[in-house]
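*Asks:* With the input below, show me the fold.
(one chain, ligands or ions: 1)
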Amino acid sequence: MASLVGGNCVIVVMFATRHSVLVYMLGIAFDRAILFHRWLGRWNTILVLGHVIIEAVLHFTVGTGNTDLENIYGLVSVIAFLLVLIFSLEWFRRAQFELFLVSHLLVIVFFVLGVLHNNGFLLYTILSAILIGLDWILRLALGSVVVPSKTTLFKKRAENLVQVRFTKNSPWAKKLYGPGQYVFLNFPAISHTEWHPFSVTSSPDDPEIEVNIRALGNWTKKVYQLASAEDCVWVRADGPYGNLNLDYHRYSNMVLVAGGIGITPVIGILKEIFAGKKRRSRIQSVVMVWSVPSEIEAGWFMEELKALYQISNSSSIKLEIKVHLSKAKEVPPSPFLNTGRPDIEKYLDGATQERTPCFVFVCGPKKLVNSAWDISTKLQRKGKICHFHHETFQF
Ligand SMILES: Cc1cc2nc3c(=O)[nH]c(=O)nc-3n(C[C@H](O)[C@H](O)[C@H](O)COP(=O)(O)OP(=O)(O)OC[C@H]3O[C@@H](n4cnc5c(N)ncnc54)[C@H](O)[C@@H]3O)c2cc1C
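*Replies:* The predicted structure is shown next:
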């Protein structure tokens, strides 16, 4: 049982590292792997509690051979593990993210006291430490995790939206950049320890990284305040992470659906297609649907969308841009603006064909993602083929 707990711990750790064999050999991005980490962690709780019960029964019947001190170490180790589990519950992850993150340091107590309880646990502790060590070496080598760089652009793009640009620091990491990725950012002027993920809105070919930060919670509001006071700040970056799983250049039709700030990875994808390096591509048409409450939010990226549309006019790839103002009763004359919520089924049905797979990417609130997913499934039942990829901006 103890070996089962130890072996499982190593796998749990592997699924929590940002750079792992899963990313480089199996193409499973960190944001997907973290789901397995969560479930394997829960499974580990069952194993740990099973181990405690068996040890307790043996201790009080035939004896385990462990000293009382070793048993106390084991017990405290289990308490540390259970605290990690409790602070990982959905409520803490959403409402108290920092507490959730910091409580994970108790894992050190779990491993160290686990070894003192039973030295057979040392092997699994060393293996886990190696995985974490390799992860950190790669984080340091590929990003600018320790030494910050100056932003090349740091400004309020609109009300509650900050545009940030900075140069890619590690030339050897350039090959790792792809569309739809994100980076973790840290602004030392706000905090040296807080890192938050943001989708890259620049093309992977761009020598700089651009992200756009919507002020929603505590930290992002501080970024917005900082942008009100400064026009150049130090920034540290860890990444890039994530991948789209599917190479959309192999598809002739694409539908990109975004809700609110979920537009950021979509802008990055559009830039890669229309404003990046020339690539071999089968894409013939791209339909982009963006749902925002009003004209104010539509203005965030309107200039960029117009510029991309201009480029598409001289390209062989047709680009359709549909921006829906869900709360507006009427819209000013514009080829892009529409009133009301988008009819996703109409757009997907129009863009997909039988026997020709269509690449569908959706980023936004869970409700939008789930409804687009249901519609894709419904169309598949009718014989159409949708290859679906989604993001919700939540781990
Ligand atoms: C892959 C990914 C890409 C994203 N891209 C963008 C983007 O391009 N533009 C944008 O404006 N926002 C983006 N976000 C959302 C952004 O990361 C959160 O809005 C920000 O972290 C909230 O921090 P806060 O302290 O201001 O808000 P809080 O109110 O503290 O948190 C709001 C939500 O963000 C989550 N969160 C908080 N801190 C972190 C953290 N350090 N790491 C991960 N999640 C956290 C919490 O679970 C909570 O659900 C993205 C998120 C993810 C996961």
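*Asks:* Pick out the residue of the stretch 201-350 of the chain closest to the ligand.
*Replies:* Nearest residue of the stretch 201-350 of the chain to the ligand: residue 217, at 1.9 Å (CB to the nearest ligand atom). No exception for glycine: its C-beta is placed from N, CA and C like everyone else's.
*Asks:* tell me the pLDDT at that residue?
*Replies:* Listed pLDDT for residue 217 reads 92.
*Asks:* what's the answer for the one 5 residues further on, then?
*Replies:* According to the predicted model, the pLDDT of residue 222 comes to 97.
*Asks:* and it, what element?
*Replies:* Assigned by DSSP states H and E, residue 222 falls within helix 218-229.
*Asks:* can you list contacts of that helix?
*Replies:* Residues outside helix 218-229 that contact it (CB atoms under 8 Å, 6 or more residues apart in numbering): 154-156, 160-162, 187, 189-191, 194, 196, 213-215, 233.
*Asks:* among these, which are in reach of the ligand?
*Replies:* Residues of the contacts of helix 218-229 in contact with the ligand (CB under 6 Å from any ligand atom): 196, 213, 214.
*Asks:* The next helix or strand after the helix holding residue 222 packs against which elements?
*Replies:* Later in the chain than helix 218-229, the nearest helix or strand by DSSP H and E is strand 234-241. Strand 234-241 makes packing contacts with strand 144-150, strand 161-167, strand 182-186 when contacts are defined by 3 or more CB pairs under 8 Å, 6 or more residues apart in numbering; DSSP states H and E.
*Asks:* right, so those: which one is the most enclosed?
*Replies:* For the helices and strands packed on strand 234-241, ranked by mean neighbour count under the definition mean count of other CB atoms under 10 Å, the leader is strand 182-186 at a mean of 22.
*Asks:* Can you show me the CA trace of that one as CSV?
*Replies:* This file holds the C-alpha atoms of strand 182-186, laid out as CSV (Å, rounded to 0.1, in the frame of the first residue of the first chain):
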residue,chain,number,x,y,z
TYR,A,182,-0.6,31.7,-22.8
VAL,A,183,2.1,33.0,-20.5
PHE,A,184,2.2,33.6,-16.8
LEU,A,185,3.1,37.2,-16.0
ASN,A,186,4.5,38.8,-12.9
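*Asks:* so what's residue 177 up against?
*Replies:* Residue 177 neighbours (CB under 8 Å, 6+ apart): 168, 200, 204, 240.
*Asks:* Could you report the distance from the third one to residue 268?
*Replies:* Computed as CB to CB, to the nearest Å, the residue 204 to residue 268 distance reads 8 Å.
*Asks:* Any idea how many residues pack against residue 311?
*Replies:* Neighbours of residue 311 under the rule other CB atoms under 10 Å: 16.
*Asks:* Residue 286 now?
*Replies:* Around residue 286 there are 25 residues (other CB under 10 Å).
*Asks:* Okay, and it sits in which element?
*Replies:* Here residue 286 is assigned to strand 285-292, by DSSP H and E.
*Asks:* touching the ligand at all, the helix or strand following that strand?
*Replies:* Sequence order places helix 295-298 as the next helix or strand after strand 285-292, per DSSP H and E. No: using CB under 6 Å from any ligand atom, helix 295-298 stays clear of the ligand, coming no nearer than 12.0 Å.
*Asks:* Let me see the mean pLDDT of the following helix or strand past helix 295-298.
*Replies:* Scanning forward in sequence from helix 295-298 by DSSP H and E, the next helix or strand is helix 302-313. Averaging pLDDT along helix 302-313 yields 94.
*Asks:* repeat for stretch 337-351
*Replies:* Average pLDDT, stretch 337-351: 91.
*Asks:* surely residue 38 meets residue 88?
*Replies:* Yes: Residue 38 is within contact range of residue 88, at 7.3 Å (criterion: CB atoms under 8 Å).
*Asks:* Tell me where the model's unsure across this structure.
*Replies:* Along the chain, segments meeting pLDDT under 70 span 64.
*Asks:* Which other helices and strands does the lengthiest helix in it contact?
*Replies:* In the chain, assigned by DSSP state H, the helix with the most residues is helix 30-60. Using 3+ CB pairs under 8 Å, 6+ apart as the contact test, the elements touching helix 30-60 are helix 2-14, helix 21-26, helix 68-87.
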